[in-house]
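Asker: Below: sequence and its predicted model.
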Amino acid sequence: MVKSVLLNIFEGQDLLGIPIFDQDLYKLALLTAINLVVSFILIRVIYYPHSEKNRQYLFAFILISTMVFFLAFALKSFKFNVGIALGLFAVFGIVRFRTSPMPIKEMSYLFTIMGVSLINALSNKLSLAEVFIIDGIILVTCYLMEVFVSLSNPTAPKKITGLEYKDIVYGWLENVKPQNREALLEDLKEKTGLDIKRVETKDIDLRRGEAVLRVFYTAVDGY
């Protein structure tokens, strides 16, 4: 009913040469809903509980997924080929190199999120069943891999919920030794003022006498 009314009112009409309404509006609404649901499941339900719960990645992944989807949908009226599709991945990949170093897991999720969004946006030649099957296989694969990694490494440190983390350069290598872990924690708490719960050593530069540490801390306002 609504569809026929809109067609009767706006069909064939334009504003400054831009069509006021066409059939793609319904496709946009449906595919947007599919992409948002799939992205939410992938990012919030699968990735977030199995990560260090860094809200910055959660925020970035949602925005990137939405932007890639709408950009690809807006460009789908042009003739795409494999080269252009790969070019889109290259352009979106710039995001990776314009930010701070990204862990391999987060980089993999970024690639997956961009791929899912492109598939959903450019699925005009696929049936809804094929779209659901593709999205479903991706979600199930990501979930199974998260479960497999968790079960295959039971000795790994447990994830601590509700924490933020940042990488800092530390200049006292004596405290980085495993036997001096408590002294390291106390020194970092005193110097940073953060309620640090865990520390991981990311890199050690013996020439400079510095270490790159990832500190996990309870988030407070302003940090």
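Answerer: Structure's in. What do you need? If you're wondering where the values come from, they're calculated on a predicted model, not measured in any experiment.
Asker: just the strands in this structure please.
Answerer: Assigned by DSSP state E, the strands in the chain fall at 14-15, 18-19, 163-170, 196-205, 210-218.
Asker: Including mean pLDDT and mean neighbour count, could those strands go into CSV?
Answerer: For the C-beta atoms, the positions are set from N, CA and C on the backbone; glycine is no exception. Output for those, formatted as CSV (pLDDT from 0 to 100; neighbours: other C-beta atoms under 10 Å):
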stretch, mean pLDDT, mean neighbour count
strand 14-15, 57, 8
strand 18-19, 58, 9
strand 163-170, 79, 16
strand 196-205, 82, 15
strand 210-218, 83, 18
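Asker: In CSV: these, plus distance to residue 25.
Answerer: Listed next are these as CSV, based on distance: least, C-beta to C-beta, whole Å:
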stretch, distance to residue 25
strand 14-15, 14
strand 18-19, 10
strand 163-170, 41
strand 196-205, 49
strand 210-218, 46
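Asker: Tell me which of those strands approaches residue 58 most closely.
Answerer: strand 163-170 (11.7 Å; C-beta to C-beta).
Asker: Name the residues of stretch 102-119 that come out as buried.
Answerer: 102, 105, 106, 109, 110, 112, 113, 114, 116, 117, 118, 119 (16 or more other C-beta atoms under 10 Å).
Asker: these two touch, right, residue 123 and residue 131?
Answerer: Yes. Using C-beta atoms under 8 Å, residue 123 is in contact with residue 131, at 4.9 Å.
Asker: Pop the domain breakdown of this structure in here.
Answerer: 2-152, 163-218 (automatic domain parsing).
Asker: Pick out the shakiest of the ones you listed, pLDDT-wise.
Answerer: Looking at the domains of the chain, the lowest mean pLDDT belongs to domain 2-152 (a mean of 76).
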